[in-house]
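Q: got a predicted model here, sequence first, then my questions.
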Amino acid sequence: MSRFSGALQITDLDDFITPSQECIKPVQIQKTTSSTGSKIKIQEDGYFQIEEDGTKHKLQKVEITLADCLACSGCITSAESILVSQQSQEELLRVFEENKKTNMEDGRLAKLIVVSLSIQPVLSLALRYGLSPNECASKLTYYFKQLGADMVVDMTIADDFALLESQKEFVRRHRTVESHGTKNVLPMLASSCPGWVCYAEKTHGSYILPFISTTKSPQQIMGSLIKQWVGHNLGDRQIYHVTVMPCYDKKLEASRQDFFNKDTQSPEVDCVITAIELEQMMDKDGVSLGSLPDSKLSQPWISKPDSDVAPSLTRHIGSSSGGYADHIFKYAARELFGEECDNLEYKSLRNPDFKEVLLQKDGKVLLRFAIANGFRNIQNLVQKLKRGKSQYQYVEVMACPSGCLNGGAQVRPKTGSTVRELTTELENMYNSLPCQSPEENRNVMELYEAWLGGQESDKCSSVLHTQYHAVEKEETMLNIKW
């Protein structure tokens, strides 16, 4: 049995990894002039500095930014518990209020606030309030507009971009291996989960990073689309972009310096809000989502931006985390081997969260793909890669068990219900939606030309792809294993 890494031994490996003892900013300690020094005492209401004469002073907590967490090697992924100033409910509401005052007071050009809805939190809130997915999206649109949003948009367009780019990237990598025998190209590992990417950067560094897909996540593709294409069409008006996500780690992703737009001098995504935070906001204000009126989604990327439409949500084939494995498998089978695969049959291996699918011809395995959800399965996958025992060409990797529908910031189960039961209900709701392939999305195909100058252009590569960075482990006393 393979040993787990020292970093992973710090916390529970089952699910979301919380801050480790190595966090670099627990409290702010002011220096004193005492010759003997002072002691720090932890009480229920905080940290206190005890002087020699017995007097005590409460220490102020340091506010940890998401940039601090990305730069610090102490934790693997800590967005669930850190103090977040720029990605909080309070910050979002502050921006809405400030924008309203700007409009009322002096007529200055206020920010254009755009909210992007991803499918997983919409389904989570739909189940929470007893709504259909389309009803939920419609009422969330009204809710955000009442708060002060100018536009609310559906993120399916970014999901489709991510799938199409991932498909092309895999085929390029596969052909590179076939023609040149290049190492560190396959397996290609999915890059849309920020918890997994953060873990790879901090724990396995430069060894694993070459395998991770360079295609941006849908959130960041949406950020580029909103800030670049929509922003360009609006002239000088500054955009504040909010995404609704199933995962706290998306806040970390949005804060990466790689996703800072130099032209607008702002992040591609300014604020990430989650399903559970929206539930808290509505509960605090006594708002029931089901009682709100309906409203229409905007389509600011088409030729007639005023033509708002009622929500008509769709799903992709495959997993509810985006369907990466299924889409890339089918595309690769057709492009590389001329094989059409109508129905993919996965085989569960160690557990339901680790499964594989094969393409075989004349007794030979042409493609071997896998889906690995949860850190236990990720750790096993990484260990196999390091020992040269992995046979996969592609792995869809998600940090959360059961994938994105069970994201760390989805609405939690009601009393008496289990996470597994809740996830099953969400899966059934997702599978009830009509299915649409990325190639059928006319807006995506038009934007490839109008915005990016074609699917093979240099701009397409620079806008829709990114890079990753190994974070060197800091040697502290807490790292020492006694």
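A: Received it, and whenever you're ready, just let me know what you need.

Q: which other residues reach the biggest strand by length in the chain?
A: Assignment by DSSP state E gives strand 364-373 as the longest strand of the chain. Residues outside strand 364-373 that contact it (CB atoms under 8 Å, 6 or more residues apart in numbering): 319, 321, 325, 328-329, 332-333, 336-337, 339, 346, 353-360, 378, 380-381, 391-403. Yep, even glycine has a C-beta here, placed from its N, CA and C like the rest.

Q: please identify the buried residues of it?
A: Neighbour-count burial for strand 364-373 flags 367-373 (criterion: 16 or more other CB atoms under 10 Å).

Q: before we move on, what about stretch 144-160?
A: 144-145, 147-160.

Q: nearest to Y248, of the buried residues of strand 364-373?
A: Proximity of these to Y248 (CB to CB) peaks at N373, which lies at 16.9 Å.

Q: wait, what's in contact with the nearest residue to the closest one once chain neighbours are set aside?
A: By the measure of CB to CB, 6 or more residues apart in numbering, the closest residue to N373 outside its immediate chain neighbours is D353, 4.1 Å from it. D353 sits next to 371-374, 376-377, 401-402 when contact means CB under 8 Å, 6+ apart.

Q: which of these sits closest to K183?
A: So of those, ranked by how close each gets to K183 (CB to CB), first place is A372, at 21.2 Å.

Q: center of this protein, which residue is that?
A: When CA atoms, centre = their mean is applied to the chain, the residue found nearest the centroid is K250 (3.8 Å).

Q: against F144, how distant is the residue nearest to S319 when sequence neighbours are not counted?
A: Excluding its sequence neighbours, the residue lying closest to S319 (CB to CB, 6+ apart) is G403, at 5.7 Å. To F144, G403 is 26 Å away according to CB to CB, to the nearest Å.

Q: can you check L127 too?
A: 19 Å.

Q: where along the chain do the strands fall?
A: Under DSSP E, the chain gives strands at 39-43, 46-50, 56-58, 112-117, 151-154, 188-189, 239-245, 260-261, 266-267, 271-274, 347-351, 354-361, 364-373, 394-398.

Q: lowest average confidence across those strands, which one?
A: Among those, strand 39-43 carries the lowest mean pLDDT, at a mean of 66.

Q: quick check, nearest of the contacts of D353 to N443?
A: For the contacts of D353, the nearest to N443 is I371 (28.2 Å; CB to CB).

Q: could you tell me the angle between the lengthiest helix in the chain and strand 239-245?
A: In the chain, with assignment by DSSP state H, the single longest helix is helix 156-180. Using axes from the mean of the first three to the mean of the last three CA atoms, to 10 degrees, one finds that helix 156-180 and strand 239-245 are set 80 degrees apart in direction.

Q: so where's the stretch 351-482 of the chain uncertain?
A: The stretch 351-482 of the chain contains residues with pLDDT under 70 at 473-482.

Q: cutoff 50 now
A: 477-478, 481-482 (pLDDT under 50).

Q: show me how this protein divides into domains.
A: 89-156+217-315, 159-215+316-417+434-439 (automatic domain parsing).

Q: need the strands of the chain in TSV (columns: distance to S291).
A: Converted to TSV, the strands of the chain look like this (distance: least, CB to CB, whole Å):
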stretch	distance to S291
strand 39-43	43
strand 46-50	40
strand 56-58	43
strand 112-117	19
strand 151-154	18
strand 188-189	44
strand 239-245	20
strand 260-261	38
strand 266-267	34
strand 271-274	21
strand 347-351	41
strand 354-361	41
strand 364-373	35
strand 394-398	34
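
Q: these: which one's closest to G231?
A: strand 239-245 (5.2 Å).

Q: mind listing the helices for the stretch 301-450 of the chain?
A: In the stretch 301-450 of the chain, the helices defined using DSSP state H, counting those that start in this stretch lie at 324-337, 375-386, 419-431, 442-450.

Q: among the ones you listed, which is nearest V115?
A: helix 442-450 (18.2 Å).

Q: what's the angle from the closest one to helix 156-180?
A: 60 degrees.

Q: if you count neighbours, what's buried in helix 442-450?
A: Those would be 444, 447-448, for helix 442-450 by 16+ other CB under 10 Å.

Q: same deal with stretch 271-280?
A: Buried residues in stretch 271-280 (16+ other CB under 10 Å): 271-279.

Q: any idea what the closest residue to G231 other than its chain neighbours is bridged to?
A: Nearest residue to G231, sequence neighbours excluded (CB to CB, 6+ apart): I239, at 5.2 Å. Legend: beta-bridge partners of I239 under DSSP bridges are L112.

Q: is I239 in contact with T264, as I believe?
A: Yes. Using CB atoms under 8 Å, I239 is in contact with T264, at 7.4 Å.

Q: common neighbours of these two, please.
A: With CB under 8 Å, 6+ apart as the test, I239 and T264 both reach 227, 231.

Q: compare those two (neighbour count), which wins?
A: I239 (22 against 14; other CB atoms under 10 Å).

Q: need the contact list for that one.
A: 111-114, 226-227, 230-231, 264, 266.

Q: which of those residues sit farthest apart?
A: I113 and T264 (14.5 Å).

Q: would you mind checking the contacts of I239 for buried ones?
A: If we count by 16+ other CB under 10 Å, the contacts of I239 have these buried: 111-114, 226-227, 230-231, 266.

Q: turn those residues into a markdown table, including distance to F211.
A: A markdown table is the format used below for the buried ones among the contacts of I239 (distance: CB to CB, whole Å):
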| residue | distance to F211 |
| --- | --- |
| K111 | 39 |
| L112 | 39 |
| I113 | 38 |
| V114 | 34 |
| I226 | 30 |
| K227 | 29 |
| V230 | 33 |
| G231 | 34 |
| S266 | 31 |
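
Q: out of those, which one sits closest to S462?
A: After measuring those against S462 - CB to CB - the closest member comes out as K227, at 14.2 Å.

Q: what's the burial count for H469?
A: H469: 13 neighbours (other CB under 10 Å).

Q: hmm, I typed the wrong one, I wanted A190.
A: Residues near A190, counting by other CB under 10 Å: 25.

Q: now do D362
A: D362 has 5 neighbours, counted by other CB under 10 Å.

Q: list the contacts for it?
A: D362 touches nothing, counting by CB under 8 Å, 6+ apart.

Q: next, it: phi, psi?
A: phi 50, psi 40 (degrees, to the nearest 10).
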